[in-house]
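Student: Quick one: sequence and predicted model below, then my questions.
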Amino acid sequence: MTDTATSTASEAECPASDSTLRVLLVEDSPVDAELILLELRRGGFEVSSDLVQTIEDFTRQVRAHPYQMILADYNLPQWRGIEALGVLRREGLDIPLILVSGALGDVTAVECIKQGATDYVLKDSLARLPVAVRRALQEKRLRDQRQKGEKDLARKVEELARSNRDLEQFAYVASHDLQEPLRMVAAYTQLLAERYRGKLDADADKFIGYAVEGAVRMQTLILDLLAFSRVGHNGNGGKTSDCNRVVEEALLNLKAAIDESGAVVTQDALPLIVAEQAQLIQVFQNLIGNAIKFRGKEALVIRVSAERQGTQWLFEVADNGIGIAPEYHEVIFTIFQRLHARGEYPGNGVGLAICKKIVEHYGGRIWLKSEPGQGCTFHFTLPATPADEKDIHASRHN
Amino acid sequence: MPPDTIEILLVDDSPSDLDLIRDALAACPCQGRVHTVPDGEEAIAFLHRAGVYASAARPDLIILDLNLPRKDGRVVLADFKSEPTLRSIPVVVFTTSHSRKDIARSYELGANCYVSKPGSLEDFRKAVQAIQQFWLSVACLPD
């Protein structure tokens, strides 16, 4: 082991108490070592120390003990104290090292700091040592805190990502596995209804009807849940979608409802957006579909528009329908949240939840402005593509 | 259209679905002879005429569920589509799954067609009859 010049902690294995500073001295002169310790004590430190002279001893000591500080002479007979930094790096140890040297040129000093020394103190101004040590310890504390913070954050991000994956996997598997037995219930209650309608009694027909209805509703719930959990599963590799086409597709899908309601849908020139077309279609289709579903007494007018705001586009889907009271403006984006009895307006309360999930998946936000009886305007943002100043003109139509 | 009876191998572990499929198949005038096996291992034995299936007919069409006990439908597909004497038999994957992954994988393994089992009775029947109509009347099959 080492030539231990001074060891206030006789049991080297036992970590020093909080107030005691554990120092490893790399020093060939016992007198200088004594002076260094004296200076530290004078500066208010309680010190326990070990003294080493060779690189082998140094390596052994730092491996074996948790030192808080290394004070190394620059010029030693067989090696230079600066080499200690290389040992610390190789060993993966983060212990502040201050060079204490008889003479150290400016160039050498700078080189030492570059190599990772925290500071250097000349032997003829040892009085500065306690200040240097205190600052080195403080820096190390901050470094530790930051590293711990970063590690905690990384762990939380990983936990969150895993829990997200688990949840989506769960929704996906559950909906798939639920579908099979449910299909059996649905098909066979339908078969019962078909073969035995009017052959049992009126109650039986009614009960079978309820069972069929329940099974069918459950099926749509599961398909909706599946669609919801699928959002974000398919990246599109940065492809852009033309929102003019997107809205046209959405309107085509809604053709029957539009014809039946007599809705007039107007559409401004819309931009290109980096997003999967099918998902954008779903957003517009759900919003326009809602406008049609919740129309009021007067002729329905729906206006789709977009406005560039800095790095994003603000989209609007505005209608003159029955409107939504402000207290519901947040909850309506929750999955399976409905505001009306099933008999009044059909639906499972999934459409807006899917819109929100899609918009947020692409880094946007969705909200609405509405009062009962005053119509309803849904707003959502999506990041602008860098080149879309000219694209909006290129894609202008009608 | 070959003069002989069309042999259909139906691979499905769900008795309720087998009933529905057989029911729907029977409703059509172009029906063939239907053989059923309940899992992938038996399907493979049937196709290779192994064990009790030594004198089994060579199917003209296979209707294959994906999620089966023992060996699942993907294993069955991989097995007989890599067998030169069997790979020409057309196979329709008929399964509950709508998963894009299942669809892609099935075609990769050589499925000739992928149909999701519809949820309602009416659509289910229509799907089975469409499969039957297409493969037994519209499509030309190898001898």
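Tutor: Looks like it came in fine.
Student: distance between stretch A:142-152 and the chain's centre?
Tutor: Relative to the centre of its chain, stretch A:142-152 is centred 18 Å away, using Cα atoms, centre = their mean, to the nearest Å.
Student: for stretch B:25-44, same thing?
Tutor: That offset, for stretch B:25-44, works out to 7 Å (Cα atoms, centre = their mean).
Student: got the CA positions of that stretch in CSV?
Tutor: These are the backbone C-alpha positions of stretch B:25-44, laid out as CSV (Å, rounded to 0.1, in the frame of the first residue of the first chain):
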residue,chain,number,x,y,z
LEU,B,25,-71.3,-21.9,-48.4
ALA,B,26,-74.3,-24.2,-48.5
ALA,B,27,-76.6,-21.4,-49.7
CYS,B,28,-74.7,-21.1,-52.9
PRO,B,29,-75.4,-23.3,-56.0
CYS,B,30,-71.6,-23.4,-56.8
GLN,B,31,-70.8,-25.1,-53.6
GLY,B,32,-67.9,-27.6,-53.4
ARG,B,33,-67.1,-30.3,-50.9
VAL,B,34,-66.0,-28.8,-47.6
HIS,B,35,-63.4,-30.4,-45.3
THR,B,36,-62.8,-28.8,-41.9
VAL,B,37,-59.8,-29.0,-39.6
PRO,B,38,-59.6,-27.2,-36.2
ASP,B,39,-55.9,-26.3,-36.0
GLY,B,40,-52.8,-25.6,-38.0
GLU,B,41,-51.1,-28.9,-37.2
GLU,B,42,-54.1,-30.8,-38.7
ALA,B,43,-54.2,-28.5,-41.6
ILE,B,44,-50.6,-29.3,-42.4
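Student: So which residues make contact with it?
Tutor: B:5-13, B:18, B:22, B:45-46, B:50, B:53, B:56-57, B:59-62, B:64, B:68-73, B:75-76, B:79-80, B:125, B:128-129, B:132-133, B:136-137 (Cβ atoms under 8 Å, 6 or more residues apart in numbering or on different chains). Glycine gets a C-beta too; all of them are placed from N, C-alpha and C.
Student: So A:Q219 versus A:P181, what's the distance?
Tutor: The spacing between A:Q219 and A:P181, counted by Cβ to Cβ, to the nearest Å, is 11 Å.
Student: Is any residue of the helix or strand hosting A:D177 near chain B?
Tutor: Using DSSP states H and E, A:D177 falls within helix A:129-196. Yes. Judged by Cβ under 8 Å from any Cβ of the partner chain, helix A:129-196 and chain B are in contact via A:172, A:176, A:179-180, A:182-184, A:186-188, A:190-191, A:194.
Student: Could you pull up the mean pLDDT of that helix?
Tutor: For helix A:129-196, the mean pLDDT works out to 88.
Student: Also stretch A:211-220?
Tutor: pLDDT averaged over stretch A:211-220 gives 86.
Student: same question, stretch B:68-79
Tutor: The average pLDDT within stretch B:68-79 is 90.
Student: for it, how far is the first residue from the last?
Tutor: With Cα to Cα, to the nearest Å applied, stretch B:68-79 spans 15 Å between its terminal residues.
Student: near chain A, anything from it?
Tutor: No. Contact of stretch B:68-79 with chain A is not found when judged by Cβ under 8 Å from any Cβ; the minimum separation is 12.1 Å.
Student: ok, back up a step: just the buried residues from the residues of helix A:129-196 next to chain B, in ChimeraX please.
Tutor: Buried residues among the residues of helix A:129-196 next to chain B (16 or more other Cβ atoms under 10 Å in any protein chain shown), as a ChimeraX selection:
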select /A:172,176,179,180,182,183,184,186,187,188,190,191
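Student: Run through the residues that contact the residue nearest to A:T311 when sequence neighbours are not counted.
Tutor: Counting by Cβ to Cβ, 6 or more residues apart in numbering or on different chains, A:A384 is the residue found nearest to A:T311 once chain neighbours are left out, at 5.7 Å. Counting by Cβ under 8 Å, 6+ apart, A:A384 makes contact with A:P271, A:I273, A:R308, A:T311, A:Q312, A:W313.
Student: re earlier: ok, of the residues of helix A:129-196 next to chain B, which one's closest to chain B?
Tutor: A:Q190 (3.8 Å; Cβ to the nearest Cβ).
Student: A:Y210 - how many residues pack around it?
Tutor: A count of nearby residues for A:Y210, using other Cβ atoms under 10 Å in any protein chain shown, gives 11.
Student: so which strand or helix has it?
Tutor: helix A:202-230.
Student: Packing partners of that helix?
Tutor: Applying 3 or more Cβ pairs under 8 Å, 6 or more residues apart in numbering or on different chains; DSSP states H and E, one finds that helix A:202-230 contacts helix A:129-196, helix A:351-361.
Student: any idea how far the helix or strand following it is from the chain center?
Tutor: For helix A:202-230, the following helix or strand on the C-terminal side (DSSP H and E) is strand A:240-242. Offset of strand A:240-242 from its chain centre (Cα atoms, centre = their mean): 26 Å.
Student: And the next helix or strand past strand A:240-242?
Tutor: helix A:243-253.
Student: Any stretches of the chain with poor pLDDT?
Tutor: Chain wasn't specified; assuming chain A. For chain A, the stretches with pLDDT under 70 are A:1-18, A:232-237, A:342-343, A:387-398.
Student: could you do chain B instead?
Tutor: B:1-4, B:30-31.
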